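Novice: Give the three-dimensional model of this entry:
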Amino acid sequence: MTDVTELARAPFSAADLPDLARRDLGGAVVWANDEAFAARQNLITPGPSVFDPAVFGPNGKVYDGWETRRRRDGDPDACDVAIVRLATPAIVRGVVIDTAWFRGNYPPTAAVDGLFLPDGDPVAAQDWFPLVERSPLAGDTANSFAAAEAGPATHVRLRIFPDGGVARLRVHGEAAPDPAVLTALGTVDLAAMELGGRVTDCSNRFYGSAANLLLPGPARSMGEGWETARRRGEGNDWVEIALATEGMIHVAELDTSWFLHNAPGAAQLSGHSGDGAWRPLLPRTPLTPDTRHRFVLGDPKPVTHVRLDAYPDGGMARLRLHGRPTPDGLAALASRRR
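Specialist: Numbers count the residues shown, from 1 in each chain. The predicted model follows:
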């Protein structure tokens, strides 16, 4: 038998893909059969679960997670269920069932299923397919599992056996937006995480994750952006991004909102389309602190990846790359949904 802790800690290869269930991206926990001790919506809260040993409520200990009542029916197949609607249809590559702080009340095993249902009631759906078979969990652990190869999902279903608490559910994958919607919209943010943009590499993320650059909506504080440590040597900080699909970028938005004294002095953008040869999109250009800069890019060429160079270091709230998918890009998106 596989050691429970070893299995629970086994990483999956898609761990660098975005969590497409998170609340601030548009995910929602649409249903749970029980939330007697802690609310289901906590499952998709961004950031790690927090814990205060002194806080108790009317229903008992307060946990920053989802916790169900104790079952007494003795049925070995009994389970509690939560259904999450993803922020966007996606190919799920990996799942993290995080039982942080749940030490004596975590579920011994869990399973995760997927469903593609753009419209309708997922609670009544019968077409669920397995993503993670019923597997052992460890308490107070970020239990990571590779997902089974499957088509796109709009929802995931977490089943815990027989009951207990889970702090967070992370669903990592590749967004599979409807190409017809993108075509109808015309110009879209090709770097948007909700469409499939993702950070592939970064020089430094000391104060804030580079993935924050691609989140929807404006940053509400400096803490919701990307900020590097102070550079004391030569060179500069940078981040590389895979676009949602191949596209032509017409306007780049470099937003330094909230960064009053620590914005980069200048920035430049480069891009390539799968051949690895970077070419300039925006030359090195001075930036102003706490400002949403918009730059029209002349003579755009198809690109799949973009590199932002910040000189010499500092912080930025958001990066928007407004453009149109190419015909090849739309075809690639359509293939993800088959």
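Novice: Now residue 17: closest residue in space that isn't a chain neighbour?
Specialist: Take residue 17 and drop its neighbours on the chain: the residue closest to it by Cβ to Cβ, 6 or more residues apart in numbering is residue 172, 4.3 Å away. (Each C-beta comes from the backbone N, C-alpha and C, glycine too.)
Novice: what's the span of stretch 174-191, first residue to last?
Specialist: 13 Å (Cα to Cα, to the nearest Å).
Novice: Give me the distance from it to the chain's centre.
Specialist: Averaging C-alpha positions (Cα atoms, centre = their mean, to the nearest Å) puts stretch 174-191 17 Å from its chain's average.
Novice: And stretch 306-321, by the same measure?
Specialist: Relative to its parent chain, stretch 306-321 has a centroid offset of 19 Å by Cα atoms, centre = their mean.
Novice: ditto for stretch 217-226
Specialist: Chain-centre distance of stretch 217-226: 16 Å, with Cα atoms, centre = their mean.
Novice: For it, output the C-alpha coordinates as PDB.
Specialist: Extracted as PDB, the C-alpha positions of stretch 217-226 are listed here (Å, rounded to 0.1, in the frame of the first residue of the first chain):
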ATOM      1  CA  GLY A 217      -9.900  44.100 -12.300                       C
ATOM      2  CA  PRO A 218      -7.700  46.800 -10.800                       C
ATOM      3  CA  ALA A 219      -5.400  46.100  -7.900                       C
ATOM      4  CA  ARG A 220      -6.800  47.300  -4.600                       C
ATOM      5  CA  SER A 221      -3.500  47.700  -2.900                       C
ATOM      6  CA  MET A 222       0.200  47.400  -3.500                       C
ATOM      7  CA  GLY A 223       0.000  43.900  -2.100                       C
ATOM      8  CA  GLU A 224      -2.100  42.800  -5.100                       C
ATOM      9  CA  GLY A 225       0.700  43.500  -7.700                       C
ATOM     10  CA  TRP A 226       4.100  42.100  -8.600                       C
END
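Novice: Mind listing what's buried along that stretch?
Specialist: The neighbour-count check on stretch 217-226 (16 or more other Cβ atoms under 10 Å) flags 219, 222, 224-226 as buried.
Novice: can you check stretch 53-68 too?
Specialist: Using 16+ other Cβ under 10 Å as the test for burial, stretch 53-68 gives 61-68.
Novice: quick one: which of these sit in helices?
Specialist: In this view, those have no member that belongs to helices under DSSP state H.
Novice: In JSON lines: those, plus pLDDT and distance to residue 76.
Specialist: Shown next, in JSON lines, are the buried residues of stretch 53-68 (pLDDT from 0 to 100; distance: Cβ to Cβ, whole Å):
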{"residue": "61", "pLDDT": "76", "distance to residue 76": "27"}
{"residue": "62", "pLDDT": "75", "distance to residue 76": "30"}
{"residue": "63", "pLDDT": "83", "distance to residue 76": "25"}
{"residue": "64", "pLDDT": "90", "distance to residue 76": "29"}
{"residue": "65", "pLDDT": "95", "distance to residue 76": "24"}
{"residue": "66", "pLDDT": "97", "distance to residue 76": "22"}
{"residue": "67", "pLDDT": "96", "distance to residue 76": "21"}
{"residue": "68", "pLDDT": "96", "distance to residue 76": "17"}
